[in-house]
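> Could you work out the structure for the sequence below:
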Amino acid sequence: MTRHPGGEAHTTRMLALAGVKPPCRILDLGAGDGETVRQLRCLGFDAWGIDLAPGHDVEHGDILNASFSDEEFDALITQCTFYVTGDPQKAFRESQRLLRPGGRLLFSDVSFGGQVTLRAAAESAGLTVLIMEDLTKIWREYYIESIWNGTAYAMPCGCAKGKCTYWLMICERDVKDGSVR
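You can find the predicted model right below:
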């Protein structure tokens, strides 16, 4: 079981959809045990990872207040992380700060407000949504397997009422003049 739905194949697909290629500098936000960071490095990326409870190849760091400079990364990847911060909107704003103009955010996570709310959160942070896919079916299968295996995290009551969806988004940071590269 991986720490996010789809595992390595999902990460590879996100990279392809975003058109992100080595040797770009990429940061995994909420990198956990470093599984994705190691995958990215094996593919030739200049990959970094931060997490509040870091594993091997991951630095201690808060994705809401990352210790990196403005515009330091060509790309960011985040899988199953923004919602658990308690402030997904701030996570989008911090992502925009960390990305170079024209940089890409590769995002997959749950949403309790649906597609419109998630898109609005990204766009209000200065990110243009290029691709958005509903992966709720895959997430449900992953979560049911996690429950079965005893590795599931407790989910808020909104999920029990069927209000939870899971989305993949590829976003691009607007360039300085407000246009998209």
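> On the C-terminal side of the helix or strand where M14 lies, identify the next helix or strand.
Per DSSP states H and E, M14 falls inside helix 7-18. Counting by DSSP H and E, the next helix or strand C-terminal to helix 7-18 is strand 25-29.
> same question for that following strand, mean pLDDT?
Here strand 25-29 scores 98 as its mean pLDDT.
> From the rest of the structure, what touches that strand?
For strand 25-29, contacts defined as C-beta atoms under 8 Å, 6 or more residues apart in numbering pick out 20, 36-37, 40, 45-50, 58, 63, 66, 68, 72-78, 81, 91, 95, 98. Every C-beta, even on glycine, is put in place using the N, C-alpha and C of the backbone.
> one more time with 7 Å
Residues from elsewhere that reach strand 25-29 (C-beta atoms under 7 Å, 6 or more residues apart in numbering): 20, 36-37, 40, 45-50, 63, 73-78, 81, 98.
> And it, what's buried?
Judged by neighbour count (16 or more other C-beta atoms under 10 Å), strand 25-29 contains these buried residues: I26, L27, D28, L29.
> need the contact list for L99.
Taking C-beta under 7 Å, 6+ apart, one finds E71, F73, L76, L105, R173 in contact with L99.
> Any quick PyMOL command for the buried ones out of those residues?
Buried subset of those, written as a PyMOL selection, criterion 16+ other C-beta under 10 Å:
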select buried, resi 73+76+105+173
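> ok, for M132, nearest residue in space, not its chain neighbours?
Spatial nearest neighbour of M132, chain neighbours left out: M169 (5.0 Å); criterion: C-beta to C-beta, 6 or more residues apart in numbering.
> With H56 as the reference, measure out to the one you found.
28 Å (C-beta to C-beta, to the nearest Å).
> That'll do, ta.
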